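> A predicted structure for the sequence below; I have some questions about it.
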Amino acid sequence: MNNSSAVLILDKVSKSYGNGLAVNEVSLNIRENEFFALLGPSGCGKTTLLRMLAGFETPSAGCIYLDGKDISPLPANKRPLNLMFQSYALFPNMTVRKNIAYGLEMERLPEADIRRRVDEVLSTAQLGELAERKPDQLSGGQRQRVALARALVKRPRVLLLDEPLGALDKKLREKMQLELKRLQLESGITFIIVTHDQEEALVMSDRMAVLDGGKVCQCGSPTELYENPNSRFVANFIGVSNLLEGVRSGPHSVRVNGQELAVETDAPLVPGQPVAVVVRPERLQVLGEGEVCANQVSGHIVEIAYHGLDTNLHVQTGFSDKPLIVRVPSSQFEFAHFAIGMSVRLGWQARHARVLTR
């Protein structure tokens, strides 16, 4: 990526505690007006990385550049970045308006400027009717919007969000994911969110970086990481995957437990090289009588999991001890008669199989 389009550059940033590396030579370019997600399991280093961006931790090595200037030595209060905590940390004795205005008042801005900027952000965050209420009179989603408005009113160059939706229930989380994206687009501010929730990152982010063991495993758009994971770890972490372990047997084939599977790949692989074939559940289909596919396998249903919009069939095959998962839309499931123990044939196209070497 051209560095000139990046507002924030991390150049081989590391953080060690004692003999352990929490963050290991992370290099990332984050663009202007981008919604960027740092995603990974607990302990992967994503929160430590966010704290270094905010200025609450100092890198053990490497540099952080904002608009071309190295901000690594600057304390948190000297950085044009704002960190919104998961707890929201609202002042209970202040109204919504006063909570939002507090940071501007600390900067001793003229009263007219404060009023104008607070009114603008109240409108953007759709909080106008709640301006005179106190936090205990608000719902969880409303408090979250107040915390966001308080961060946005300071017009930070970059807004950092640490698991901002973690305290909300599922339905409210889904609503606030779209709300966050809307606020980011309307404010024109670069957002960096830390989350362990893969669905949250897929819905909201323009690009995302998956971390494990303090290192970046892969960085790209949600579509790129979901459709073209570069490792078994990323394939398993982003969405649900069927991983078939085998060996490369030809230019466009992989042998899995004695069966040849057709694949499409440009990777320079050696015959006999151990690989994994990844097929997403929605790419598998249950074949009807007479239907054929580039790849097909027979098995029997061992579990049926209904999810509302779709149903997952867990099908035991000869590929491995682990069943294959097939995602069947509810509209299709309604007209089929699937049952545990039923024999089925599954099929998928060569282009829908991703070959992984690590």
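Ah, there it is.
> Please count neighbours and contacts with C-alpha atoms only from this point.
Fine.
> Mind listing what's buried along the longest helix seen in the chain?
Assignment by DSSP state H gives helix 170-187 as the longest helix of the chain. Neighbour-count burial for helix 170-187 flags R173, M176, Q177, E179, L180, K181, L183, Q184, S187 (criterion: 16 or more other C-alpha atoms under 10 Å).
> The first one and E179 touch, don't they?
No: the pair R173 and E179 does not pass the contact test of C-alpha atoms under 8 Å, sitting 9.6 Å apart.
> if I pick S72, what's in contact with it?
Contacts of S72 were listed using C-alpha atoms under 8 Å, 6 or more residues apart in numbering, and they are M52, G55, T58, P59, C63, I64, Y65.
> after the longest helix of the chain, next one along is what?
Under the assignment DSSP states H and E, the closest C-terminal helix or strand after helix 170-187 is strand 190-195.
> what's the angle between that following strand and helix 170-187?
For strand 190-195 against helix 170-187, the angle by axes from the mean of the first three to the mean of the last three C-alpha atoms, to 10 degrees is 160 degrees.
> For the helix or strand where R150 lies, name the packing helices and strands.
Using DSSP H and E, R150 sits within helix 140-152. Contact analysis of helix 140-152 by 3 or more C-alpha pairs under 8 Å, 6 or more residues apart in numbering; DSSP states H and E lists strand 81-84, helix 96-106, helix 111-124, helix 170-187 as its packing neighbours.
> what's it in contact with?
Contacts of helix 140-152 (C-alpha under 8 Å, 6+ apart): 82-84, 88-90, 96, 99-103, 121-122, 125, 127, 135, 159, 164, 168, 172, 176, 187.
> tell me how far that helix is from the chain's mean position?
In terms of C-alpha atoms, centre = their mean, to the nearest Å, the centre of helix 140-152 is found 21 Å from the chain centre.
> ok, now stretch 154-162?
18 Å.
> One more: stretch 125-138?
30 Å.
> quick thing: my sequence starts at 12, can you match it?
Happy to do that; since the first residue is 12 now, the last one works out to stretch 136-149.
> Give the rounded mean pLDDT of the longest helix of the chain.
Mean pLDDT, helix 181-198: 79.
> How far does that helix sit from its chain's centre?
14 Å.
> Stretch 87-95 now?
23 Å.
> same thing with stretch 313-326?
With C-alpha atoms, centre = their mean, you get 24 Å for stretch 313-326.
> Mind listing residues that contact that stretch?
Residues contacting stretch 313-326 (C-alpha under 8 Å, 6+ apart): 310-312, 327, 334-341, 344, 350-352.
> Could you single out the nearest of those to V366?
L335 (16.7 Å; C-alpha to C-alpha).
> quick one: the closest one and L255 touch, right?
No: if you go by C-alpha under 8 Å, L335 and L255 don't touch, sitting 9.1 Å apart.
> Comparing these two, which shows the higher neighbour count?
Per other C-alpha atoms under 10 Å, whichever of L335 and L255 has more neighbours is L335, with 26 against 20.
> Beyond the worst-scoring helix or strand of the chain on mean pLDDT, next helix or strand please.
In the chain, the helix or strand scored least confidently by mean pLDDT, DSSP states H and E is helix 341-346, which has a mean of 71. Going down the chain from helix 341-346, the next helix or strand is strand 354-359, by DSSP H and E.
> And that next one, what does it pack against?
Using 3+ C-alpha pairs under 8 Å, 6+ apart, strand 354-359 sits against strand 296-298, strand 306-317.
> Buried residues, the longest one. List them.
To tie it back to what came earlier, the one meant is strand 306-317. N306, Q307, V308, S309, G310, H311, I312, V313, E314, I315.
> Can you lay out these as JSON lines showing pLDDT?
Shown next, in JSON lines, are those (pLDDT from 0 to 100):
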{"residue": "N306", "pLDDT": "91"}
{"residue": "Q307", "pLDDT": "90"}
{"residue": "V308", "pLDDT": "92"}
{"residue": "S309", "pLDDT": "92"}
{"residue": "G310", "pLDDT": "93"}
{"residue": "H311", "pLDDT": "94"}
{"residue": "I312", "pLDDT": "93"}
{"residue": "V313", "pLDDT": "94"}
{"residue": "E314", "pLDDT": "93"}
{"residue": "I315", "pLDDT": "91"}
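> quick one on the thing from earlier: could you pull out the buried residues of the helix holding R161?
Those would be 151-163, for helix 151-163 by 16+ other C-alpha under 10 Å.
> And stretch 266-273, end to end?
9 Å (C-alpha to C-alpha, to the nearest Å).
> average pLDDT for that stretch?
89.
> Look up how far G139 lies from V24.
In terms of C-alpha to C-alpha, V24 sits 41 Å off from G139.
> Show me the shaky parts of the stretch 162-311 of the chain.
Under the criterion pLDDT under 70, the flagged ranges of the stretch 162-311 of the chain are 178-179, 280.
> Serialize the helices and strands packed on helix 151-163 to TSV and add fields for distance to R259.
Shown next, in TSV, are these (distance: least, C-alpha to C-alpha, whole Å):
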stretch	distance to R259
strand 92-95	47
helix 107-117	59
helix 122-135	54
helix 181-198	41
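> Figure out which of those is closest to K80.
That would be, of those and by C-alpha to C-alpha, strand 92-95, which comes in at 13.4 Å.
> Please name the strands paired to the closest one in the sheet, noting orientation.
strand 169-173 (parallel) (DSSP bridges).
> who's sitting farthest from the centroid in the chain?
Within the chain, G301 marks the point farthest from the mean C-alpha position, 40.4 Å out by C-alpha atoms, centre = their mean.
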